[in-house]
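Undergrad: Sequence and computational prediction follow.
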Protein chains: 2
Amino acid sequence: MGLIVQKYGGTSLADSEKIKNAARRIVKEREQGNDVVVVVSAMGKTTDDLLALAYEITDKPNPREIDMLLATGEQISIALVAMAVQSLGYPAISFTGPQVGIITNRVHQRARITNINIDKIQTALQQGQVVIVAGFQGASYEGEITTLGRGGSDTTAVALAARLGADVCEILTDVDGVYTADPRIVKNAKLLSKISYDEMLELAGLGARVLHSRSVELAKNFNVPLHVRSTFNSKPGTMVVKEVPEMEDIVVSGVAYNRNEVKLSILGVPDRPGIAAELFGALADANVVVDMIIQNVAADNMNDISFTVGKEDFETALKVTQEVARRLKAKDVIYDKDIAKVSVVGVGMKSHCGVAATMFRALAKQGINIEMISTSEIKISCVIKGEWCDKAVQAVHSEFELELEKAANVPR
Amino acid sequence: MGLIVQKYGGTSLADSEKIKNAARRIVKEREQGNDVVVVVSAMGKTTDDLLALAYEITDKPNPREIDMLLATGEQISIALVAMAVQSLGYPAISFTGPQVGIITNRVHQRARITNINIDKIQTALQQGQVVIVAGFQGASYEGEITTLGRGGSDTTAVALAARLGADVCEILTDVDGVYTADPRIVKNAKLLSKISYDEMLELAGLGARVLHSRSVELAKNFNVPLHVRSTFNSKPGTMVVKEVPEMEDIVVSGVAYNRNEVKLSILGVPDRPGIAAELFGALADANVVVDMIIQNVAADNMNDISFTVGKEDFETALKVTQEVARRLKAKDVIYDKDIAKVSVVGVGMKSHCGVAATMFRALAKQGINIEMISTSEIKISCVIKGEWCDKAVQAVHSEFELELEKAANVPR
């Protein structure tokens, strides 16, 4: 007897057959004596279809009205999933985010949850109901409908699991779990049975699209065990949990890549304090999220600063950088849209040296030039030309022998 | 400077081009200095599509979850209409029914509005916003999402117009207004420039699908002038207003028909007090709405009772009637699914005699047999075989000369 929060993504609910399949899975959990709270995304491509409609109307749809529009996607899902569970003979009740007490701030299209009132959910659970909650959405204290932005349904699920003290938060998706690399690129990539929050956080941030980093962060902060598994089979999947000492035996857990960034460089700026602050302050003011930053001191007392941003922020970033460059009388602003970031992640790096060298060697063997490097405690990332991306991921995966059982992937 | 409530139906919002057209129409009203509150239905066939999805999941979808599902249709519309108005340079804000304070009872799928809190709408109007409200939906005091059933968006529009003290409630639809008969059947049917609430009520109840009778009733009770006109042109349409004395010069305003009823007869029941009460009490308990009722006393002290119900209630009605028949030891229960009800409506009937005779004569000339007759102060209805419906409507329309300008349609 426990409490389980299950989250079903859009591909798991793409049509009525898939919804019935999800309902059978929910009921199975219920039959094992568990209370179940289900968080759902919009069906299949609903969100994209709604957005397309909005852009047929106007180039610049109002964010408040976009939230009003998109929130309908998950509302459709909760009603249908509730019906499907009921048709299997189990009581179920659906709630929208605003209805069930998911309170957010008022930042439309990327609101943050500030509070969850769980009274309604707890009452329904006590009545023996399966509770179906719309992911991705909430309401401000004034009753304005908001959405949580990318990965929003994962975030709803983890936040609810934390607030309800659930035993586990299951993320049901269209892949079997978290792999050592994208199986579409690395044919012999291995499914990880266990991974730490920090590693998952890095992998998510690096573009492994199984989980959004916001939800992993939240799970880590509230110590909610995440269980990533497929909706379509009963394979064990991947547990995302608190780091335990034996994890450090595994030096590298996985290789990730991200082709969704653009590199910008501002060339020939004076080497004096406050330059970086001015540039990145201006970018922050424009709501641009900057990923990697590198600064080279040149011989003539002039600096070059390079950084990467997400493609969606590129135009804003370029405009801001050009303005700053004009003010600073910089020589030039250049950019490269065709880059890839390849990264290795593993908590074992903390206690093993030589990981970086192994990675660089793998790339060098293939003749791949490294344009930028950045490291964290448990991650090493290299920016390379976009065209080399697949080859780089394969080479690094192989160099660390990630395809082997019981990883012997200590750097050689 | 006035306040106008406009209601756009599903066909007026079927795609993004039609939504933009509606927005231009809204803005035109705004440019003339009027405050505008817009009530919208779901786009085109959205409601049908959502219902089809529900029935793919289960044969017996839960009413609460149906309301949860269907409410998304109007929510999509409000967001898109708000965006379209904004894109024309005017401030606009959308509200769902629950959000804006449309309080209903808790009867799912056919809730009744019990209260409207207009604070949010008035605040938005004072800020110069065009206010877009989702029709057809509301919430109970407990926050449960409800829908108002057939004609729900009209009802929302009229209720808002009444509560806000609007100067007029415009019903924008895909026809030019209210005709003397269905123009698809009677080619020379005439558009009525003015009609009384009571006449409209009878016509609506008889199946003229321009307006639902609930909304007309509400308009009558609160004396809200209704203006029925086309979304797609600027023709003057039909005003539905309080009866004025000169209206009585027109004896018959229109001919209506309804092919959506079934006739049931219970044969050979004892002729003693309480029989009708028992039958129609049982039908009322089963939520069956009965339309026409006729009782014949037969020679052998046994009665036949015939009545009509909507097709959607037929199966329930048959079951209940058969049970009552068993209890009463009646001879038989028979039914006829292929009937049509043809009616003439006009406030002038109150002061002119001979209308019924004219109608019966028109039918007799065509050799059409009348199966049931029912009359009210301003209406005469005849039930005939379904196959004669079009011919009967044409004959009656022609007999009363409704195609003529300045109706000379006094019975001959």
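TA: Great, that's in hand.

Undergrad: Which phi and psi values does the residue of the stretch 251-400 of chain A found nearest chain B adopt?
TA: Closest residue of the stretch 251-400 of chain A to chain B, Cβ to the nearest Cβ: A:Glu312 (20.4 Å). All C-beta atoms are positioned from the backbone trio N, CA, C, and that covers glycine. Main-chain dihedrals, A:Glu312, degrees, to the nearest 10: phi -70, psi -20.

Undergrad: Was I right to think A:Met292 contacts A:Ile380?
TA: No - using Cβ atoms under 8 Å, A:Met292 is not in contact with A:Ile380; the gap is 11.7 Å.

Undergrad: Between those two, which is the more surrounded one?
TA: Neighbour count, other Cβ atoms under 10 Å in any protein chain shown: between A:Met292 and A:Ile380, A:Ile380 has more, with 22 against 17.

Undergrad: quick one, strands of the stretch 251-400 of chain A?
TA: If DSSP state E, counting those that start in this stretch is used as the criterion, the strands of the stretch 251-400 of chain A fall at A:254-258, A:261-270, A:290-297, A:302-310, A:332-336, A:339-345, A:372-376, A:379-385.

Undergrad: Of all the ones you listed, which one comes closest to B:Arg259?
TA: B:Arg259 lies closest, by Cβ to Cβ, to one member of the strands of the stretch 251-400 of chain A: strand A:302-310, at 59.5 Å.

Undergrad: Distance from the chain centre to that closest one, please.
TA: Relative to the chain's own centre, strand A:302-310 is displaced by 24 Å; criterion: Cα atoms, centre = their mean, to the nearest Å.

Undergrad: where does the stretch 101-250 of chain A have low pLDDT?
TA: Low-confidence segments of the stretch 101-250 of chain A (pLDDT under 70): A:205-209.

Undergrad: Overlap of the contact sets of A:Met292 and A:Ile380?
TA: When contacts are counted by Cβ atoms under 8 Å, 6 or more residues apart in numbering or on different chains, A:Met292 and A:Ile380 are jointly contacted by A:Ser374.

Undergrad: Let me see the domain layout of chain A.
TA: Here the domain assignment for chain A is A:3-174, A:245-412, based on automatic domain parsing.

Undergrad: How about stretch A:51-71, which residues are buried there?
TA: Buried positions in stretch A:51-71, judged by neighbour count with 16 or more other Cβ atoms under 10 Å in any protein chain shown: A:51, A:53-54, A:57-58, A:61-62, A:64-71.

Undergrad: closest to B:Lys45 among those residues?
TA: Relative to B:Lys45, and with distances defined as Cβ to Cβ, the nearest of those is A:Leu53, at 14.6 Å.

Undergrad: And that closest one, which helix or strand is it part of?
TA: Using DSSP states H and E, A:Leu53 falls within helix A:46-57.

Undergrad: distance between that helix and the chain's centre?
TA: The mean C-alpha position of helix A:46-57 is separated from the chain mean by 23 Å, Cα atoms, centre = their mean.

Undergrad: Report all helices and strands that that helix contacts.
TA: Applying 3 or more Cβ pairs under 8 Å, 6 or more residues apart in numbering or on different chains; DSSP states H and E, one finds that helix A:46-57 contacts helix A:63-87, helix B:16-31, helix B:63-87.

Undergrad: Let's have these in TSV, adding distance to A:Pro98.
TA: Output for those, formatted as TSV (distance: least, Cβ to Cβ, whole Å):
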stretch	distance to A:Pro98
helix A:63-87	8
helix B:16-31	25
helix B:63-87	12
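
Undergrad: which parts of chain A sit against chain B?
TA: A:16, A:19-20, A:50, A:53-54, A:56-62, A:64-66, A:68-69, A:71-72, A:75-76, A:78-80, A:82-84, A:86-87, A:93-94, A:96, A:99, A:143, A:145 (Cβ under 8 Å from any Cβ of the partner chain).

Undergrad: Low-confidence stretches in the stretch 251-400 of chain A?
TA: Applying pLDDT under 70 to the stretch 251-400 of chain A flags the ranges A:297-299.

Undergrad: Quick check: A:Asp176 vs A:Ser193, distance?
TA: Distance, A:Asp176 to A:Ser193, using Cβ to Cβ, to the nearest Å: 11 Å.

Undergrad: out of those two, which sits in the more crowded spot?
TA: Using other Cβ under 10 Å as the criterion, A:Asp176 and A:Ser193 rank with A:Asp176 on top: 18 against 11.

Undergrad: give the contact list for that one.
TA: Here A:Asp176 is in contact with A:191, A:229-230, A:233, A:235, A:237 (criterion: Cβ under 8 Å, 6+ apart).

Undergrad: Top of those by number of neighbours, please.
TA: In terms of neighbours by other Cβ under 10 Å, these top out with A:Gly237 at 23 neighbours.

Undergrad: That residue against A:Val228, yeah?
TA: Yes - between A:Gly237 and A:Val228 there is a contact at 5.3 Å, judged by Cβ under 8 Å.

Undergrad: Name all residues that sit in contact with these two at the same time.
TA: A:Gly177.

Undergrad: Include distance to A:Gln122 and mean pLDDT when you put the helices and strands packed on helix A:46-57 into CSV, please.
TA: CSV is the format used below for those (distance: least, Cβ to Cβ, whole Å; pLDDT from 0 to 100):
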stretch, distance to A:Gln122, mean pLDDT
helix A:63-87, 18, 98
helix B:16-31, 41, 96
helix B:63-87, 19, 98
